[in-house]
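*Asks:* Fold the following, please.
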Amino acid sequence: MKQETVTINNRAGIHARPSALIVKTANEYDSEIFLELDDMKINAKSIMGIITLGANYKSIIQIIAEGNDEEKAVMALVKLFENRFEEE
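*Replies:* Numbering: from 1, shown residues only. Model (predicted):
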């Protein structure tokens, strides 16, 4: 299992467009991938799950992956968060 902590740095938080980018990226990997915020843990391959997180600016999220490509999957998602979902 591989996990990393990220902070949402784009002012709009995770809305529809970032959610779609997360799902698209997560689906490129075989590993099971989850996002965790407070007491919610959702499947990163589910757009509805991501939207229900309600992750806002400065929210701290755990990215958790388990599988044969878990390292690559987590790093790809970390990069999305660090690049502010290419919005700013």
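*Asks:* hey, where'd the strands end up in this protein?
*Replies:* 2-7, 32-37, 40-43, 60-66 (DSSP state E).
*Asks:* wait, which of the ones you listed is closest to Phe85?
*Replies:* Smallest distance to Phe85 across these (CB to CB): 11.4 Å, for strand 2-7. (Glycine included, C-beta is placed from N, CA and C.)
*Asks:* Tell me which strands that closest one pairs with, and in which orientation.
*Replies:* strand 60-66 (antiparallel) (DSSP bridges).
*Asks:* in the chain, what spans have low per-residue confidence?
*Replies:* 87-88 (pLDDT under 70).
*Asks:* for it, what spans make up the helices?
*Replies:* 16-26, 47-53, 70-82 (DSSP state H).
*Asks:* Check which residues of the second one are buried.
*Replies:* When neighbours are counted by 16 or more other CB atoms under 10 Å, the buried residues of helix 47-53 are found to be 49-51, 53.
*Asks:* which ones are touching Asn56?
*Replies:* By CB atoms under 8 Å, 6 or more residues apart in numbering, the contact set of Asn56 is 8, 13-14.
*Asks:* Generate a ChimeraX selection restricted to the buried entries among these.
*Replies:* Selection of the buried residues among those in ChimeraX, burial being defined by 16+ other CB under 10 Å:
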select :8,13,14
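*Asks:* didn't Ile61 look like it was pressed against Glu36?
*Replies:* Yes. Taking contacts as CB atoms under 8 Å, Ile61 lies within contact range of Glu36: 6.7 Å.
*Asks:* of the two, who's got more company?
*Replies:* Ile61 (21 against 17; other CB atoms under 10 Å).
*Asks:* Test of understanding: give the bridge partners of the more buried one.
*Replies:* The partner residues for Ile61, given DSSP bridges, come to Val6.
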